[in-house]
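>>> got a predicted model here, sequence first, then my questions.
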Amino acid sequence: MASEADVSEPLIVIRHVSRRYVRGADDVRALEDVSLTIGRARFVALMGPSGSGKSTLLNLLSGIDRPSSGEVIVAGMRLGELDEDALAAWRARHVGLIFQFFNLMPVLSARDNVALPLLLTHLDRRERQRRAMVALRVVGLSHRADHFPRTLSGGEQQRVAIARAIVTDPDLIVADEPTGDLDARNAEEILGLLRQLTNHFGKTIVMVTHDPRALRFVDVAYHLDKGVLLEGEAASRADDAIRRAAAGHSTTEPHA
Amino acid sequence: MSWARFVLANLWRNPLRSALTAGAVALAVALVSLLLTMPAGMDLLLDRLASNTRISVHHKAGVVYTMPAAFTRKIRQVDGVAAAVAMSWYGGAYEEAGRVTFPNFAVEAEHVGAVYPDYRIDPVELDDFLRYRDGAIVGRGTLRKYGWKIGDRVTLKSTIYPADLEVRIVGEIPNDAAPMLWLRRDYLDEALKARGWAGLGNANVVWVRVADPNRVNAVMRDIDDLSRNSEAETASETEKSFFGNFFGSLDGLVRIILLITSLVALCIVFIAANTTSMSVRERAGEIAVLRALGFSRAAIFRTLVAEALLLAGGAGLLGVAMAWGLTGTLRALAGWNETLGPLGNFTVTPAVVAQGVALSVAVGLLAGVAPALGVVRRPVAEALREVF
């Protein structure tokens, strides 16, 4: 096991990972023998139809779930060697999470929502507040710092969630359909913002999405179907189909 | 933002629900705190009522059984006895107040003052009690209760003897803890004989004042030895013990009240636990997100339990404050309202405060731990899958 991350090494290595679980009387095969390597400072999309295993793969590489077999290594850490609490501590340090429905704490202001993951650090209150404001500035929402989620638009709430994901300066940001609950304009703004995080801050982002517009923003898209990672011809066909669907969508320049 | 502020913000999420839960806990703690003041209050009341040098001599089988009044003369001869007075329960009811009974006793006028020097009855009034065969001395509380004053004539209808008596009030017992009326034994004796009865030959109790507080036990033993193996064997006890036994008969009632209160407190625990469970269920998504962000199971557990503890602890302090305010008000009222007199003895002591707060903390722990354990035991992936 590598004890320290080496920038020349890939950030994420997934080897022969399968994930099965029992739902009622059914034995569900969510992922079947998936192997994947993702380098640093890459913006990656995981695409595929519902039930294809995208979110399961995202949960495995963010340490939220464990594989039934195979190995997940992120930033040199073999996640299978960590128990539940060690995994939680590892996530707090190395992973930023973005959800489809934003999932901000309704009782906290935007600033406090962003500062929430910093409660798990040893930073003092003033430093936590300062870093939260820096993160809000990065997403262009410092002027809304004292607003509560219910007074923010969907796009603004997702920006706060992105600020919360980057405030601890994680190695990896995982986003589960971050544009799924947004209109077209806000969706493109959020995708553009994520792209900037990779371009300007060197963040590795793995994003589950159904949104064909995402292809114009990401470095690479992986396609899953029925728990299997598509490769070769099948992957190219899936990619082409999505790119054709995306052709009529966007107005903004990717990779800005 | 600090962790404490996060906990407070969560408590403020549904202010009405938090307020109602806190109100229920506060009321239960106030109730329990008030009951916890009872034993100490009873002791204080006993101290005020009773003297350590006055003893009660009564039939071994209980005060409802009588003993020969002549036995009083033998008691007066026992070494260490300063004074003794025979008393018989007259059971007089005051018709004008709706035939209400109150403590009234036929006593020996020439001895009663010597047995009760601590009552500080005016010597002139005691002389009048001796002078007037139909005289009566009445406790201050009873005088006020019925609007009587010295010089009034009052007719009492006995519920025990076939002798209704009109008495003349000649004196007052200036002691709030003594609400009785004393009339003269010889007056009742004559009335009974006039109606063909044998007269008042028996007594329910002989009250004795012992000269030396250090010899009380020896005197009691000597007195009881006088009647050993007779038909009316006596049992002596100090006045404090006598009233203690009387209050002791209330112990059962107090225990029932405590049992009911404990059940009420248990219900409050269930209510608080249900409220916490509802709150945790409603926040299942938020809690799953917190765990996904990296909050450990221990941190989530601490947060949820801290919320429950803070709510219950705050409510407990409020409840103790309510009990303190109520007993303080009763004490203040007792200063000018005689009927509230005994209630003025109940005080919320530091021990009661500690027990009340401990109860609320226990409620908080019991209400918070179970739902918090339930939510942290579930794997985070499963929790996320269920809520998203």
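That came in fine, so what should we check first? Numbering: from 1, shown residues only, chains lettered A, B, ... in the order given.
>>> secondary structure element holding the residue in the stretch 51-200 of chain A positioned nearest to chain B?
Chain B sits closest to residue A:92 of the stretch 51-200 of chain A, with a gap of 2.6 Å, by CB to the nearest CB. C-beta coordinates here come from the backbone N, C-alpha and C atoms, glycine included. If you go by DSSP states H and E, residue A:92 is part of helix A:84-94.
>>> which is the next helix or strand following that helix?
Next along from helix A:84-94, by DSSP H and E: strand A:95-98.
>>> show me what that following strand is packed against.
Packing partners of strand A:95-98 (3 or more CB pairs under 8 Å, 6 or more residues apart in numbering or on different chains; DSSP states H and E): helix A:154-166, strand A:172-176, helix B:284-293.
>>> re earlier: the residue of the stretch 51-200 of chain A closest to chain B touches residue A:117, doesn't it?
Yes. In this structure residue A:92 lies within contact range of residue A:117 using CB atoms under 8 Å: 6.3 Å.
>>> quickly list what's touching both of the two.
A:168, B:293-294 (CB atoms under 8 Å, 6 or more residues apart in numbering or on different chains).
>>> centre of the chain versus the host helix or strand of residue B:31, how much separation?
Using DSSP H and E, residue B:31 falls within helix B:15-49. How far helix B:15-49 lies from its chain's middle: 14 Å, per CA atoms, centre = their mean, to the nearest Å.
>>> elements contacting that helix?
Using 3+ CB pairs under 8 Å, 6+ apart as the contact test, the elements touching helix B:15-49 are helix B:239-248, helix B:251-282, helix B:297-334, helix B:350-377.
>>> reformat those helices as CSV; add mean pLDDT and distance to residue B:207.
Output for these, formatted as CSV (pLDDT from 0 to 100; distance: least, CB to CB, whole Å):
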stretch, mean pLDDT, distance to residue B:207
helix B:239-248, 70, 8
helix B:251-282, 78, 24
helix B:297-334, 90, 27
helix B:350-377, 88, 35
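>>> mind putting these into a markdown table with mean neighbour count?
As requested, those are exported to a markdown table (neighbours: other CB atoms under 10 Å in any protein chain shown):
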| stretch | mean neighbour count |
| --- | --- |
| helix B:239-248 | 16 |
| helix B:251-282 | 15 |
| helix B:297-334 | 20 |
| helix B:350-377 | 19 |
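>>> which parts of stretch B:377-385 are buried?
By 16 or more other CB atoms under 10 Å in any protein chain shown, the buried positions in stretch B:377-385 come out as B:378, B:380-381, B:383-385.
>>> the strands in the stretch 151-256 of chain A, which residues?
A:172-176, A:204-208, A:220-225, A:228-229 (DSSP state E, counting those that start in this stretch).
>>> and the angle for the second one with helix A:154-166?
Think strand A:204-208. Angle between the axes of strand A:204-208 and helix A:154-166 is 130 degrees (criterion: axes from the mean of the first three to the mean of the last three CA atoms, to 10 degrees).
>>> dump the C-alpha coordinates for strand A:204-208 into CSV.
Extracted as CSV, the C-alpha positions of strand A:204-208 are listed here (Å, rounded to 0.1, in the frame of the first residue of the first chain):
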residue,chain,number,x,y,z
THR,A,204,-10.0,15.5,-9.9
ILE,A,205,-13.7,15.3,-10.4
VAL,A,206,-15.8,12.2,-11.0
MET,A,207,-19.3,13.0,-12.0
VAL,A,208,-22.3,10.7,-12.5
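>>> any part of that strand near chain B?
No. Strand A:204-208 is not in contact with chain B by CB under 8 Å from any CB of the partner chain; minimum separation 11.8 Å.
>>> pull up the pairing partners for that strand, direction included.
strand A:43-47 (parallel), strand A:172-176 (parallel) (DSSP bridges).
>>> one step back: using TSV, please lay out the buried residues of stretch B:377-385 together with distance to chain A.
Shown next, in TSV, are the buried residues of stretch B:377-385 (distance: CB to the nearest CB, whole Å):
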residue	distance to chain A
B:378	11
B:380	6
B:381	4
B:383	10
B:384	7
B:385	9
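>>> next, the residue of chain B found nearest chain A: phi, psi?
Closest contact between chain B and chain A, by CB to the nearest CB, is at residue B:294 (2.6 Å). With angles defined as degrees, to the nearest 10, residue B:294 sits at phi 120, psi 0.
>>> hang on, isn't it packed against residue A:93?
Yes. Taking contacts as CB under 8 Å, residue B:294 lies within contact range of residue A:93: 7.4 Å.
>>> neighbour-wise, which of those two wins?
residue B:294 (25 against 16; other CB atoms under 10 Å in any protein chain shown).
>>> who's the closest spatial neighbour of residue 197, skipping the chain neighbours?
Using chain A. Spatially, and ignoring its direct neighbours in sequence, residue A:197 is nearest to residue A:203 (4.5 Å; CB to CB, 6 or more residues apart in numbering or on different chains).
>>> was after chain B, sorry
In space, residue B:197 is closest to residue B:162, 7.2 Å off (CB to CB, 6+ apart).
>>> picking up where we left off before, now the helix holding residue A:92: buried residues?
The neighbour-count criterion (16+ other CB under 10 Å) identifies A:87-94 as the buried residues of helix A:84-94.
>>> tabulate these (CSV), appending pLDDT.
Supplementary listing: those in CSV, determined by pLDDT from 0 to 100:
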residue, pLDDT
A:87, 93
A:88, 93
A:89, 93
A:90, 95
A:91, 94
A:92, 93
A:93, 93
A:94, 94
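>>> okay then, goodbye and thanks.
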